[in-house]
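K.L.:
below is the sequence, then the predicted model.
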Amino acid sequence: MDPVRALRQVAFQLERAGEPTYRVQAFRKAAAIVAELDPDEVVKRSRVGTLTDLPGIGKSTAGVVADALAKREPRYLDKLRKVEITGGDELRAKLRGDCHTHSDWSDGGSPIREMAEAARDLGHEWMVLTDHSPRLTVANGLTAARLRQQLEVIAELNVSLAPFLILTGIEVDILDDGSLDQDPDLLAQLDVVVASVHSKLRMPRAEMTERLLTAVANPHVDILGHCTGRLVVGKGRPESEFDAAAVFDACASHGTAVEINSRPERLDPPRRLLSMAVEAGCTFAIDSDAHAPGQLDWLGYGCARAEECGVDPGTVINTRAASRLLTG
């Protein structure tokens with residue numbers, strides 16, 4: 001492992017373990033600095049202990065460089081909280097892509113290329129880029145103009161990254177009346193549309209049910225994202241209340257996949273609702289909802305829950321090749 005790759009690997013594992021962003025950025029910054037140096041200079045500085053004289057290189061990052069040059073696993077990785085996932089291995093191996101990812105175009109922390117390369121290195125054939133829509137200003141949601149610009153960037157990246165494929169998409173806000181927060185003509189051009197509720201999560205049950213039913217029936221919607229909006233860590237956030245049987249029946253009827261969100265703080269839907277969606281005959285998308293490269297490896301959480309609840313791998317849309325995903 002070369003020093004640059006070693007530093008990036010530590011950053012990846014920090015993200016996977018849910019460590020603070022500033023710590024991740026320290027290793028990514030160090031990787032960028034080392035990448036600009038002549039390899040011989042890196043070796044010399046590491047040997048005489050002057051790597052830390054460079055701005056952005058500290059004791060920990062210099063230690064990772066030294067380990068890489070000595071052809072050993074970075075000892076810094078031993079300090080990380082181990083992320084254990086029990087079950088779901090067989091289903092995880094079947095996943096060919098990820099339908100819900102974010103980049104620094106909205107509230108993600110890394111460029112599109114970096115996210116795509118990380119997905120490719122995990123063995124994926126494709127990923128869908130689903131940055132946020134305009135209403136979610138706190139997440140730097142994409143206006144129609146910015147989304148059109150992003151489509152051009154994706155087209156260029158797909159040439160250089162081939163055969164890996166970035167599919168075009170969006171995580172579009174479901175507005176209060178169930179309509180979608182983006183130009184319908186533009187939504188029609190995208191490969192995959194994930195529709196999610198991000199506001200008024202405590203809306204009365206009847207109104208939330210109608211809101212979700214309207215969104216699910218929209219022909220542009222492919223996936224219903226994190227349907228309850230719950231958070232299960234820290235102070236947490238309770239589930240939105242809605243008629244789950246009616247919503248899942250509608251998903252099955254309209255061919256809208258129910259997302260199994262793999263983020264550790266979400267794990268949405270909860271098991272009782274996931275089992276209900278299975279009984280309703282829904283299809284599913286097991287998604288990372290990654291906002292950083294290391295978070296792409298959170299898919300195992302969703303796979304484990306899917307296995308527990310009896311999800312048939314054949315009903316999981318991201319077990320499909322990109323061509324079949326796009327043709328349904």
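P.N.:
It's in.

K.L.:
so which bits of stretch 218-232 are buried?
P.N.:
218, 220-231 (16 or more other C-beta atoms under 10 Å). Any C-beta I mention is one placed from the backbone N, CA and C, and that applies to glycine too.

K.L.:
swap that for stretch 136-150, please
P.N.:
Within stretch 136-150, the residues that qualify as buried by neighbour count (16+ other C-beta under 10 Å) are 136, 139, 141-142, 147, 150.

K.L.:
just the ones of those residues in helices?
P.N.:
Within the buried residues of stretch 136-150, residues falling in helices by DSSP state H are 147, 150.

K.L.:
pipe the buried residues of stretch 136-150 into TSV and attach distance to Glu308 and pLDDT per row.
P.N.:
Below are those laid out as TSV (distance: C-beta to C-beta, whole Å; pLDDT from 0 to 100):
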residue	distance to Glu308	pLDDT
Leu136	31	94
Ala139	31	92
Gly141	34	96
Leu142	35	97
Leu147	36	98
Gln150	36	98
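
K.L.:
just flag the most distant two among the buried residues of stretch 136-150.
P.N.:
Leu136 and Gln150 (15.4 Å; C-beta to C-beta).

K.L.:
confidence score at Gly328?
P.N.:
Listed pLDDT for Gly328 reads 77.

K.L.:
quick one: the helices in the stretch 51-200 of the chain?
P.N.:
For the stretch 51-200 of the chain, the helices defined by DSSP state H, counting those that start in this stretch cover 59-69, 89-94, 112-121, 144-161, 184-187.

K.L.:
now do the end-to-end distance for stretch 236-247.
P.N.:
The straight-line separation of the ends of stretch 236-247 (C-alpha to C-alpha, to the nearest Å) is 24 Å.

K.L.:
list the buried residues of that stretch.
P.N.:
237, 239-244, 247.

K.L.:
from those, which is closest to Ser110?
P.N.:
Arg237 (25.7 Å).

K.L.:
looking at the helices of the stretch 51-200 of the chain, which is closest to His100?
P.N.:
helix 112-121 (11.7 Å).

K.L.:
which residues sit against that closest one?
P.N.:
Helix 112-121 has contacts (C-beta atoms under 8 Å, 6 or more residues apart in numbering) with 12, 97-98, 101-105, 108, 110, 126-127, 129, 150, 153-154, 157, 161, 164, 166, 290, 293-294, 296.

K.L.:
how about the helices of the stretch 51-200 of the chain in CSV, adding distance to Thr52?
P.N.:
As requested, those are exported to CSV (distance: least, C-beta to C-beta, whole Å):
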stretch, distance to Thr52
helix 59-69, 5
helix 89-94, 39
helix 112-121, 26
helix 144-161, 35
helix 184-187, 49
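
K.L.:
quick check: which ranges of the stretch 1-150 of the chain have low pLDDT?
P.N.:
Along the stretch 1-150 of the chain, the model assigns pLDDT under 70 to residues 81-83.

K.L.:
in it, which spans are strands?
P.N.:
97-101, 126-129 (DSSP state E, counting those that start in this stretch).

K.L.:
for Val258, which of those strands is the nearest?
P.N.:
Comparing those by C-beta to C-beta, strand 97-101 comes nearest, at 11.6 Å.

K.L.:
what is the orientation angle of that closest one with helix 112-121?
P.N.:
Counting by axes from the mean of the first three to the mean of the last three C-alpha atoms, to 10 degrees, strand 97-101 lies at 150 degrees to helix 112-121.
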